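Colleague: Starting from these lines, generate the structure:
(chains A and B)
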Amino acid sequence: MSLSLWLGLLAAALGTYLIRLLPLWWMQRRLKRRDPQSRVDAMPEWLAVLGPMMIAAVLGVSLVPKTADASGWLATLFGLVATWLVWRRTRSLGLPVAAGVAIFGVAIVMIGALFPPG
Amino acid sequence: MREPIRMSDPTHRREPPAGQLSGWRTGVREALPLLGGYIPVAISFGLVSLQAGFDTLETLAISTLIYAGASQFLFVGMAASGAPLWLAVAMTLLINLRHVVYAPNLAPWLPRSRWWPWLMHGLTDQIFALAHVRLPQLPERQRVGWFFGAALLAWLAWIGGTLLGAVAGERMTAAWPLLGEIMPFALPALFLVLVAPRFTSRRWSLALAVAILAALVCTLSGFTNGGIPLAAALGALCFFLIRLPPRDGRQP
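Modeller: Here you go, the predicted structure:
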């Protein structure tokens, strides 16, 4: 890798880091001016709504299966339903994810066996 | 009356009480599901980077320093195709611009510590999603440790996966083709668990559904990274513009 490419890599890395860091400083300065008891209220309402929406958007992006054919989508549906049901029952983080991956995997294998491609 | 915006949610109450484990151990444990998504993608990146002409050390440097999945693929792709370097850097930063809203959303729950500026390197999409739900539920004394454990595990997994991909990516994908297809489902499953407690009213449900569907449509149209902030903005717009009456007929 040439020196210029190394410099480009460092610029991209530094820029990405600052994108993550500078907004923290901005918000921390804003919070400092507030009463410690009302730190959450110091957050602008639009920002408080945008947080969960970003998570929802990342969920939407990640829903597209690696193989986006009918079997991939069907397996995704099974996996999501399993995740949701286990979450409803346990309200935990790890178990629903494990169950979702397991059911997704079983669905991929079974659909592949029942309807082989070609 | 304006509907209160719930910033924390007690719905993960059946998790073991945070006090039973130290903060960083809890963070490591709760970030484990992320590895199912991180490692296969990191292996792919290691493989793609070597195929683009970078050596193992350079590939590891990219994953260690930039540490932002999609933009890394773009960076090596543009560099390999001979695109102007400034354009490759600009596009990398443009893709990562969505991260600007992450730290301010977490700031109210970050206790004073000189570690936070260093820890911000680990603030990826997935760590943000996890921290946004978990930090408000943890005792203040455990939050730095929790974030350290979760972010460090994810970072090391990303670097380790990249190394695996660079060294043995071709052999691995040939030997276990299904693994690379199944394990990434850990990410949508985790995000579903993180977003599920937010479906607290018709107003939130509609806005979240709009964000999810918009992001899905953007991804299917090949507009993945720009699609995340766009879909989130659409969801937020929906939240502020559309007021649905609650199911019991009372005014919202």
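Colleague: got the contact list for B:Ser71?
Modeller: By C-beta atoms under 8 Å, 6 or more residues apart in numbering or on different chains, the contact list for B:Ser71 reads A:Ala12, A:Thr16, B:Met91, B:Thr92, B:Leu93, B:Ile95, B:Asn96, B:Asn225. C-betas here are computed from N, CA, C, even on glycine.
Colleague: before we move on, what about B:Trp24?
Modeller: Applying C-beta under 8 Å, 6+ apart, the residues near B:Trp24 are B:Gly145, B:Trp146, B:Phe148, B:Gly149.
Colleague: picking that back up, identify those among the contacts of B:Ser71 that sit within helices.
Modeller: Members of the contacts of B:Ser71 lying in helices (criterion: DSSP state H): A:Ala12, A:Thr16, B:Met91, B:Thr92, B:Leu93, B:Ile95, B:Asn96, B:Asn225.
Colleague: For A:Ala68, state which of those is nearest.
Modeller: B:Asn225 (17.6 Å; C-beta to C-beta).
Colleague: Other residues contacting whichever strand or helix holds A:Ile111?
Modeller: In this assignment (DSSP states H and E), A:Ile111 forms part of helix A:94-114. Defining contact as C-beta under 8 Å, 6+ apart, one finds that helix A:94-114 is touched by A:71-72, A:74-76, A:78-87, A:90, B:29-30, B:32-33, B:36, B:178, B:181-183, B:185-186, B:188-190, B:192-193.
Colleague: Counting only helices, which of these make the cut?
Modeller: Judged by DSSP H, the subset of the contacts of helix A:94-114 located in helices is A:71-72, A:74-76, A:78-87, A:90, B:29-30, B:32-33, B:36, B:181-182, B:186, B:188-190, B:192-193.
Colleague: For chain A, what's its nearest residue on chain B.
Modeller: Among the residues of chain B, B:Ala215 lies closest to chain A, at 2.8 Å counting by C-beta to the nearest C-beta.
Colleague: Local confidence estimate at that residue?
Modeller: Looking at B:Ala215, its pLDDT reads 92.
Colleague: for it, helix, strand, or coil?
Modeller: Put simply, B:Ala215 is helix when judged by DSSP: H, G, I helix; E, B strand; the rest coil.
Colleague: Just the pLDDT for the closest residue to it other than its chain neighbours.
Modeller: Spatial nearest neighbour of B:Ala215, chain neighbours left out: A:Gly60 (2.8 Å); criterion: C-beta to C-beta, 6 or more residues apart in numbering or on different chains. pLDDT for A:Gly60: 92.
Colleague: ok, now the one 3 residues further on?
Modeller: The score at A:Leu63 is 92. That number is its pLDDT.
Colleague: Repeat that for the one 5 residues further on.
Modeller: pLDDT recorded at A:Ala68 is 83.
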